[in-house]
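Got a predicted structure plus its sequence, pasted below:
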Amino acid sequence: MIKVVLVAQPAVAIQIEGEEETKAPTESSTQRARNPPLDNPDSPAAPVFVKKPDTVTAQEEQILMAEVIVTGNPDPKVTWYKGASPIKDTPDNDFSFDYATKTYRFIIYKADMKDAGKYRIKAENSEGSVTENFVVKVEEPPALTVTAKLKSRRKSSQAPQEKLSLEQLVEVMSNMKREEMEAFAFKHGVTDLRAILKLIAQKKKKDQGVSDDSVGVDKALMDHKGKLKKPAKLKIQLSSGSPKHVKWFKNGVEIDNSDFRFKFSNQMPTYSFEIPELIMSDAAEYSCEMDEVEVGRGHITIDVPKVVKPLEDMSVNEKSPAVMECHLDDDSPIDVEWFRNGERIVDKASEAITKVRQKTGCILKLSMSKTQPEHGGEIKVKFQGGESTAKLTVISPPKFVVEFDANVKAVRGKPGVLKAQLSTTEYDIKKIKVYKDNKILNIAKEPEKYQFVQDENDATWVYFTVNNTTNEDKGRYKLLLGDQKTEGGLLIVEPPVDITSAFGDKEGVEFDSVTLDVAISKDDKKTPVEWFFNDHPVKKGSRFSTVDAGKTRSITIKDLHVEDEGVYKFVMGMAECSGKLTVKEKPINFPQPLTDQKSKIGHFVTFEAEHDHPRAEAYWAKDGFELEKGDKYEFIQNDTKHKLIINDCNPEDIGKYSLIVGKAKAETSANLSVEDEPKLIGGLKNVEVKAGEPFSLLGEFVGSPYPTAKWLFGDPKKEIEEGKRVSIASSNKNSELKVEPSNRQDSGDLLSSAVKFPEDNRP
């Protein structure tokens with residue numbers, strides 16, 4: 001087993017099968033429940049008991065403690081009741097609150113039988129209240145047996161068992177260091193070390209001759225609700241006593257007296273702790289300890305400004321004024337900053353940042369005298385404790401962002417279109433004026449001649465169309481919208497050549513010729529003609545020739561290659577057409593096909609063949625798999641004649657060999673056989689058995705083609721045939737004879753002879 005040691009807390013060792021395990025202390029004695037996080041910690045929430053009170057059982061004269069966990073926002077006020085009466089804070093009891101875990105405790109230092117009964121706890125805040133009931137039982141103390149090694153009584157490694165009362169625990173622990181106290185208290189079942197420390201402090205006062213009643217609290221610490229950068233003071237007023245040592249704590253951590261942010265006043269009867277200027281991190285739980293005894297706890301909460309009316313989205317025209325406002329319920333927010341698209345806005349003449357105080361709060365303002373496009377975007381105002389965001393949209397007047405082309409060409413008789421793009425869709429197309437050569441056009445009176453429309457999918461684009469163009473339509477055209485304009489030219493060109501008949505897809509055969517013809521609408525000598533093959537210009541040469549005659553344009557491809565297959569395109573000005581040329585491979589014949597060959601082991605053999613295709617590629621294969629040139633195989637080619645030489649033949653070379661030619665994979669094939677005389681390996685071993693027992697004999701042999709075997713017996717020798725007692729199992733390399741059962745007639749000489757397969761029965 002594995003030995004596990006927990007060092008974070010005291011543990012109890014358990015012995016199992018000679019090994020030690022470590023048993024962790026139970027949750028009730030060591031762990032503190034955690035308050036589950038709220039979905040939104042800033043949102044108000046009514047009190048909820050995360051951990052409800054259980055029945056509390058304590059022994060007389062021992063510590064009695066009830067514990068609950070309550071969440072809520074703001075933190076609830078908790079009141080403990082016995083019966084119908086609220087419990088008051090006395091020297092015999094105490095109330096505590098753990099701000100980090102939201103744990104509330106009620107402690108009675110010395111339980112008495114009169115403390116038994118029905119109790120109630122009520123938690124309430126501005127969002128609601130909740131109540132839970134529980135029962136307290138007080139029992140007479142049984143003999144408490146503990147094992148303790150008291151410092152004052154350490155006489156041997158084996159300490160006797162003793163009964164320790166609460167007074168004895170306080171007596172022993174008062175002589176210990178703080179770190180020793182924790183382990184000792186836990187070992188003796190003390191769950192609230194702070195209560196023991198309070199008793200120890202009281203004992204030390206008594207030992208020093210100071211009355212336990214010398215420090216009396218007249219006015220306890222009160223919770224303080226403050227504002228940022230405003231002062232806050234916590235104070236406690238004593239009714240009696242003059243403590244020698246006063247300490248203040250924040251969330252359980254002692255506050256340094258030398259910290260310049262804090263002020264301390266210790267003048268009897270009032271002891272105070274002051275923060276001249278609050279910051280967010282000052283919101284916490286504070287406690288006061290006098291002569292090592294806690295005398296009170298209080299909280300500082302900070303009331304941050306809340307947004308009453310947030311910033312609102314706004315749209316304004318460019319160069320118009322704009323004011324964005326955020327209303328708060330506080331007239332003195334701090335650290336106010338404005339941002340645009342994440343960048344801080346600086347107060348200046350064009351953008352004024354102001355704060356207007358009112359009776360119930362204030363208004364934060366961002367004012368712009370003349371808005372520009374760059375003023376638009378996400379506007380955010382931030383202050384200590386909150387923020388507000390809105391979008392400012394600055395609408396600019398329409399501008400031509402894409403202007404008319406300088407010269408737009410239109411074919412005579414066809415429409416001419418000029419287009420432009422504006423910066424926005426917020427414009428009235430009816431307000432755009434159209435000019436030709438600085439003279440305004442009355443588009444409405446000539447709707448068949450002129451059209452001026454917006455793009456259906458993108459209204460920022462406008463199109464001005466001149467239909468059925470003539471040479472008179474040539475000129476300069478201008479659009480005018482307010483002070484914005486765009487200008488371009490319209491040129492009228494003659495109609496281009498058109499194709500009246502295209503060549504389309506065609507087929508050709510290797511070594512033949514093919515011609516691609518195109519018929520055009522007119523004989524045009526000025527417009528150049530271009531031919532393309534797979535989008536690459538065709539280079540004229542011995543195999544490619546073109547003809548330009550009248551209304552016909554053509555290209556001829558001679559001595560077709562398989563590589564000439566592809567897409568051909570004709571281009572003449574704006575006219576073009578294309579088609580696919582398919583080149584069929586010339587049928588391949590074999591004037592000299594392959595013939596079957598024989599060889600002996602260790603010899604070489606040659607296959608020869610000839611085909612009639614001068615450009616076709618060819619390769620050798622065995623049983624359908626392509627061969628690779630090397631020491632084993634030699635390839636020799638002379639134009640259309642091919643040779644295959646197979647060196648050092650062996651039985652593994654037996655098979656079908658082929659010469660495969662061209663894209664169509666024309667093929668000629670022949671078989672190779674490799675021969676070798678059959679031979680027996682070794683001999684048969686003598687076998688001696690008793691009559692009735694089985695026996696077997698194994699004969700091994702080699703040969704090519706693979707031989708078969710026969711078993712012979714007797715004089716003269718006769719072939720043994722399978723029967724009830726005899727079985728023969730043969731393969732390409734051996735044969736086994738089994739006899740079961742044997743008899744005396746089986747004695748004698750046996751022979752195994754190898755017999756060659758017929759020529760057509762190769763393995």
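Received, thanks. In this text, all values refer to a predicted model and were calculated from it rather than measured experimentally.

quick one: the helices in the stretch 201-350 of the chain?
With DSSP state H, counting those that start in this stretch as the definition, the stretch 201-350 of the chain shows no helices.

mind listing what residue 166 touches?
Shown in contact with residue 166 (Cβ atoms under 8 Å, 6 or more residues apart in numbering): 61, 62, 63, 110, 199. Where you see a C-beta, it was placed from the backbone N, CA and C, and this is true even at glycine.

Give me the lowest-pLDDT entry from those.
In terms of pLDDT, residue 199 ranks lowest among those, with 75.

got the phi/psi numbers for it?
With angles defined as degrees, to the nearest 10, residue 199 sits at phi -70, psi -40.

you'd agree residue 58 is up against residue 116?
No. At 9.0 Å, residue 58 and residue 116 do not qualify as touching, with contact defined as Cβ atoms under 8 Å.

list residues touching both of these two?
Listed as contacting both residue 58 and residue 116 by Cβ under 8 Å, 6+ apart are 136, 137, 138.

The residue lying closest to residue 463 once chain neighbours are set aside: neighbouring residues, count only.
Distances taken as Cβ to Cβ, 6 or more residues apart in numbering put residue 419 closest to residue 463, at 5.0 Å, once the chain neighbours are dropped. As a burial measure, residue 419 scores 17 neighbours (other Cβ atoms under 10 Å).

So residue 181: helix, strand or coil?
Under DSSP: H, G, I helix; E, B strand; the rest coil, the three-state class of residue 181 is helix.

quick one on the thing from earlier: out of the contacts of residue 166, which one sits closest to residue 410?
residue 63 (103.7 Å; Cβ to Cβ).

so how far is residue 384 from that closest one?
Per Cβ to Cβ, to the nearest Å, residue 63 is found 44 Å from residue 384.

Same question for residue 349.
Residue 349 is 27 Å from residue 384, by Cβ to Cβ.

So for these two, which sits in the more crowded spot?
When neighbours are counted by other Cβ under 10 Å, residue 349 and residue 384 differ, and residue 384 comes out ahead with 17 against 6.

So which of the shared contacts of residue 58 and residue 116 belong to helices?
In helices, judged by DSSP state H, none of those are found.

Point out where the stretch 101-250 of the chain drops to low pLDDT.
Within the stretch 101-250 of the chain, the stretches with pLDDT under 70 are 141-164, 178-179, 191-195, 202, 204-215, 218.

can you pull out the strands in it?
103-108, 117-125, 128-139, 216-219, 224-226, 232-240, 246-250 (DSSP state E, counting those that start in this stretch).

between the contacts of residue 166, which is nearest residue 397?
residue 63 (81.9 Å).

Might one say that the closest one is in contact with residue 105?
No. Contact criterion Cβ under 8 Å: residue 63 and residue 105 do not qualify, at 10.9 Å.

A helix includes residue 80, no?
No. Using three-state DSSP, the secondary structure at residue 80 is strand, not a helix.

Can you give me every residue that contacts it?
By Cβ under 8 Å, 6+ apart, the residues touching residue 80 are 66, 86, 87, 95, 106, 119, 120, 121.

so what's it bridging to?
Bridge pairing for residue 80 (DSSP bridges) gives the partners residue 121.

what's the spacing between it and residue 126?
Taken as Cβ to Cβ, the span from residue 80 to residue 126 is 21 Å.

for residue 222, same thing?
For residue 222, the distance to residue 126 equals 17 Å [Cβ to Cβ].

next one: residue 678
Per Cβ to Cβ, residue 678 is found 111 Å from residue 126.

So for those two, which sits in the more crowded spot?
Neighbours per residue, other Cβ under 10 Å: of residue 678 and residue 126, the larger number sits with residue 678, 18 against 10.

Could you pull out the helices in the stretch 451-600 of the chain for me?
With DSSP H, counting those that start in this stretch, there are no helices along the stretch 451-600 of the chain.

residues touching the closest residue to residue 690 other than its chain neighbours, list them.
Among residues not flanking residue 690 along the chain, residue 742 sits closest, at 7.9 Å (Cβ to Cβ, 6+ apart). By Cβ under 8 Å, 6+ apart, residue 742 lies in contact with 689, 690, 691, 692, 693, 694, 695, 725.

same deal with residue 397?
Residue 397 is in contact with 317, 318, 482, 484, counting by Cβ under 8 Å, 6+ apart.

Regarding it, what is its secondary structure?
When classified by three-state DSSP, residue 397 comes out as coil.

which secondary element of the chain has the worst mean pLDDT?
The helix or strand of the chain with the poorest confidence is strand 12-16; it has a mean of 25 (mean pLDDT, DSSP states H and E).

so where's the protein shaky on pLDDT?
Within the chain, the stretches with pLDDT under 70 are 1-42, 141-164, 178-179, 191-195, 202, 204-215, 218, 748-763.

go with 50
Applying pLDDT under 50 to the chain picks out residues 1-39, 143-161, 213, 754-763.

Spell out, range by range, the helices that occur in the stretch 51-200 of the chain.
166-173, 178-187, 193-207.

can you pull the buried residues of the second one?
Of the residues in helix 178-187, those buried under the neighbour-count criterion (16 or more other Cβ atoms under 10 Å) are 181, 182, 184, 185, 186.

Among these, which one lies nearest to residue 448?
residue 182 (101.8 Å).

roughly how far apart are the closest one and residue 100?
Distance of residue 182 to residue 100, computed by Cβ to Cβ: 18 Å.

Over to residue 591?
102 Å.

Show me what the longest strand along the chain pairs with in its sheet, parallel or antiparallel.
Across the chain, the longest stretch assigned as strand under DSSP state E is strand 666-681. Paired strands of strand 666-681, with direction, are strand 597-600 (parallel), strand 655-661 (antiparallel), strand 695-704 (antiparallel) (DSSP bridges).

quick one, which of those is nearest to residue 325?
Set against residue 325 and scored by Cβ to Cβ, the strands paired with strand 666-681 come closest in strand 655-661, at 88.4 Å.

what two of the contacts of residue 742 are the furthest from one another?
Greatest spatial distance in the contacts of residue 742: 690 and 725, 15.3 Å, computed using Cβ to Cβ.

Between these two, which has more neighbouring residues?
Shown here are residue 690 and residue 725; by other Cβ under 10 Å, residue 725 has more neighbours (13 against 8).

Can you pull the phi/psi pair for that one?
phi -100, psi -20.

which among the shared contacts of residue 58 and residue 116 end up buried?
Buried positions within these, assessed by neighbour count (16+ other Cβ under 10 Å), are 136, 138.

Now flag whichever of the shared contacts of residue 58 and residue 116 is closest to residue 550.
Closest approach to residue 550 among the shared contacts of residue 58 and residue 116 (Cβ to Cβ): residue 136, at 121.6 Å.

So that closest one sits against residue 117, correct?
Yes. Using Cβ under 8 Å, residue 136 makes contact with residue 117 at a distance of 6.1 Å.
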